[in-house]
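> Predicted model and sequence follow; I will ask about them next.
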Amino acid sequence: MCAILENNTIFALDIGTRSIIGVVVEFSENNLKIKAQYRLEHTSRAMYDGQIHDIPQVATSVIKVKETLEKKLQYKLTKVAIAAAGRSLKTGHCRVNQDIDAQLEIDQVIISSLEMSGLQNIHRQLDDQLNGKERFYCVGHSVTGYYLNNYPIANLTGHRGSSIGADVLATFLPDSVVNSLYAVLQRAGLEPVSLTLEPIAAIDIAIPEDLRTLNLALVDIGAGTSDIAITSDGSISAYGMVPVAGDKITEAIVEACLADFNTAEVIKRQLNQGQEITYKDILGVENTVLCQDIIETITPVLDQLAGQIVAEILKLNGSKSPKTVFCIGGGAQAPLLTEKIAERLELLKSRVAVRGRDMLKNVEKLTKDPVGGSDGITVLGIASVAYKKAGRDFITININNKDYNLFDSKELKVANALALVEYNPRDLVPHNGQNLCFILNGAKKQIYGELGQPAQIEVNHQPANVQTILKNKDKIKVTPAVRGADASSTLGALIVSENFAGDQQQIRVNGIMQPADYLIQPDDVIELGLKKKRLVPEVATKAASKQSAITVTVNGKQTLLTNLTKPILVDIFNFIDFDLSSGKGMLSLKINGQQAAYTSLLADGDVLELGWLK
């Protein structure tokens, strides 16, 4: 799937509350050339606050825009790039903490698991707020801070600690918004090949990357919503929305002039001319009013709009004013609005400006541009985003034999996909078995638990990891991590591993004599009244008396045991090379295929099998 047509050309639609703008642009290197464009006003209020309410009516308008452009271009348009309004976004944040094994070095798997927990917490909060009435997709998230043992840290990778944490910010888009957009396009015979968010599209074209090192704000004031994006340190650092925009001004004019909504729209657009305006009210009476009188009437609404926009800018920008504010969108042209924003941000009036197409870089200028004002920028941004990320939209990913439709707003990785489908992140992180700690002859002793096995991830039957980038139709198989076995040992195994010898009747645990098969418990106090053995070199067995010797087979190798009156299984470790200190799990002992104990008697010709139980 690709949004690029012949000659690197893209068809983009800005389906707004008051109008639909269609543009077909051609890309050459970094330059954008407008080949055809058309704007159509809705004949009725088919959309409110950026949300489609009347699908058939909006579809009819889209068809007219499409057919008009096709007539100009002399070819059919079948694929289109679109954007969703900021009004539809739901943003949440949370602090998430996770206890980890202090012995493990923190890697990307552990960090991704932490972030996934944060995303799922925010998603659950959103579901709780809406009582599960609508399904939401995560379209982007970022981590604003990490913590190690509750102390802030820039990067967790490579550290060790008992707990980690993160401040996670995530944005979600309801599927109803996408479904309504797609329903309109389907009726118009168009295939959606790129979906972005309006504030992302606007800032992509209005503020080039080389300017994003500055702390700037872009405010897209449409009819139903005002979308806001903030830049700093070379990237988009935040974006948000306020649910008021140009329609509030129009509605105030409706009240003041007793005019219908469309007439009030016409009056609003003439206010900057500073002349008398003649119109007919709802009774059909012709009236003439001064622009200044109407401006004074709508001033409270302008104050409210400016106040809400500024409050959101400060919220997104850490309670400080940006260096400059660029205003775009049809609502940005309302009189006195930029001045009121500048005043509240304590900026010079020149630092809050309406931005039109004439200020855009890398866009070929038209001699007469009918959509060249501030309301013609977002549609070019939609085309620009589609060109840069052609074919990136909703994709289908199969996870453990179940299909999921996921919003592909960036490079979708395994970790992102698992977070979106609420896979339990703790199933990705291995945990070691619990260590066994006790006192042996007055000294602290510790036997380590078995290492946990990490989760196994495959993409299309090939080994993968949480950072593997996904594409449409990929199949993911996740086998959960396996916890390591807890450390355990019997007294007999401890005697062997510590190389003790003597009368086992002298073994006491917590002051009580215990047998060799006693299973050691945490914090036991063990007293071995035994002495360390002196290992018998292998060469010594060759000179041993044949009268007290037997031959046994140990793990397939014949071994001669000498100088033993009544040989038992535990004696074998004096004659073979077997590492008992490695702590690989429970020791398995078999004689002639049967389970045996350390004190089991040995006979000439016995077959022994020694190994570790996993």
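Here it is on my side, so go on. The structure displayed is predicted, hence computed values, not measured ones.

> ranges for the helices of this structure?
Residue ranges of the helices in the chain, as given by DSSP state H, are 55-73, 108-130, 175-187, 198-206, 246-257, 261-270, 291-316, 337-345, 378-388, 414-420, 491-497, 538-542.

> Tell me which of those lies nearest to Leu589.
helix 491-497 (9.1 Å; C-beta to C-beta). (Each C-beta comes from the backbone N, C-alpha and C, glycine too.)

> wait, doesn't Ala489 sit right on Gln446?
You called it Ala, but residue 489 is Ser. No - counting by C-beta atoms under 8 Å, Gln446 is not a contact partner of Ser489; they are 11.0 Å apart.

> what residues do these two have in common as contacts?
Leu436 (C-beta atoms under 8 Å, 6 or more residues apart in numbering).

> Give me the more crowded residue out of these two.
Counted by other C-beta atoms under 10 Å, Ser489 and Gln446 do not tie: Ser489 has more neighbours, with 21 against 12.

> Neighbours of the closest residue to the more buried one other than its chain neighbours, how many?
The spatially closest residue to Ser489, leaving aside those adjacent along the chain, is Ile520, at 5.2 Å (C-beta to C-beta, 6 or more residues apart in numbering). Close neighbours of Ile520, defined as other C-beta under 10 Å, add up to 22.

> Could you report the separation of Ile520 from Asn155?
Distance, Ile520 to Asn155, by C-beta to C-beta, to the nearest Å: 41 Å.

> Touching, Glu198 and Thr378? I think so.
Yes - the criterion here is C-beta under 8 Å, and Glu198 meets it with Thr378 at 5.9 Å.

> Identify the contacts common to these two.
14, 83, 220.

> Next step: those restricted to strands.
14, 83, 220 (DSSP state E).

> List only those of those residues flagged as buried.
14, 83, 220 (16 or more other C-beta atoms under 10 Å).

> Arrange these in TSV, one row each, with distance to Lys72 and pLDDT as further columns.
Formatted as TSV, those follow (distance: C-beta to C-beta, whole Å; pLDDT from 0 to 100):
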residue	distance to Lys72	pLDDT
Asp14	18	92
Ala83	23	85
Asp220	27	89
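
> want to throw these into TSV with distance to Val385?
As requested, those are arranged in TSV below (distance: C-beta to C-beta, whole Å):
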residue	distance to Val385
Asp14	12
Ala83	8
Asp220	14
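
> Among those residues, which one sits closest to Gly529?
Ala83 (81.3 Å).

> okay but Phe136 is in contact with Asp175, surely?
Yes - contact criterion C-beta under 8 Å: Phe136 and Asp175 qualify, at 7.2 Å.

> Settle it for me: which of these two has more neighbours?
Shown here are Phe136 and Asp175; by other C-beta under 10 Å, Phe136 has more neighbours (24 against 16).

> For that one, list the residues it contacts.
90, 123, 126-127, 172-175.

> What of Lys445?
Lys445 neighbours (C-beta under 8 Å, 6+ apart): 437-439, 526.

> I'd like to know how far it sits from Leu564.
29 Å.

> Over to Ala36?
99 Å.

> These two: who's more crowded?
Using other C-beta under 10 Å as the criterion, Ala36 and Leu564 rank with Ala36 on top: 19 against 15.

> pLDDT weak spots in the stretch 101-250 of the chain?
132-133, 137-142, 235 (pLDDT under 70).

> Try it again at 80.
109, 127, 130-144, 169-179, 195-197, 199-200, 209, 233-239 (pLDDT under 80).

> And for Ala342, nearest residue in space, chain neighbours not counted?
Val352 (4.0 Å).

> tell me the contacts of the one you found?
324-325, 327, 338-339, 341-342, 345.

> List buried residues within those residues.
324-325, 327, 338, 341-342, 345.

> can you list those residues in JSON lines and add distance to Ile382?
Conversion of the buried ones among the contacts of Val352 to JSON lines gives the following (distance: C-beta to C-beta, whole Å):
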{"residue": "Thr324", "distance to Ile382": "24"}
{"residue": "Val325", "distance to Ile382": "22"}
{"residue": "Cys327", "distance to Ile382": "19"}
{"residue": "Thr338", "distance to Ile382": "24"}
{"residue": "Ile341", "distance to Ile382": "25"}
{"residue": "Ala342", "distance to Ile382": "28"}
{"residue": "Leu345", "distance to Ile382": "28"}
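
> Pick the one among those closest to Asn287.
Checking these one by one against Asn287 (C-beta to C-beta), the nearest turns out to be Thr338, at 28.6 Å.

> Distance check, the closest one against Ala202.
16 Å.

> Pull the number of nearby residues for the spatially closest residue to Pro430 that is not a sequence neighbour.
Take Pro430 and drop its neighbours on the chain: the residue closest to it by C-beta to C-beta, 6+ apart is Gly452, 3.1 Å away. By the measure other C-beta under 10 Å, the count of residues near Gly452 is 18.

> show me what contacts Gly452?
Counting by C-beta under 8 Å, 6+ apart, Gly452 has contacts 430-433, 481-484.

> List just the nearest of the residues you listed to Leu190.
For those, the nearest to Leu190 is Ala481 (45.3 Å; C-beta to C-beta).

> looking at it, the closest one is touching Pro454, isn't it?
Yes - applying C-beta under 8 Å as the test, Ala481 and Pro454 come out as touching, 5.4 Å apart.

> And these two? Which one has more around it.
Under the criterion of other C-beta under 10 Å, the comparison of Ala481 against Pro454 puts Ala481 first, with 19 against 16.

> so who does Ala353 touch?
324-327, 338.

> redo that, cut-off 10 Å
324-327, 332, 338, 342, 359, 374 (C-beta atoms under 10 Å, 6 or more residues apart in numbering).

> related to what we said a few turns ago, which of Glu198 and Thr378 has more residues huddled nearby?
Neighbours were counted for Glu198 and for Thr378 using other C-beta under 10 Å; Glu198 has more, 31 against 27.
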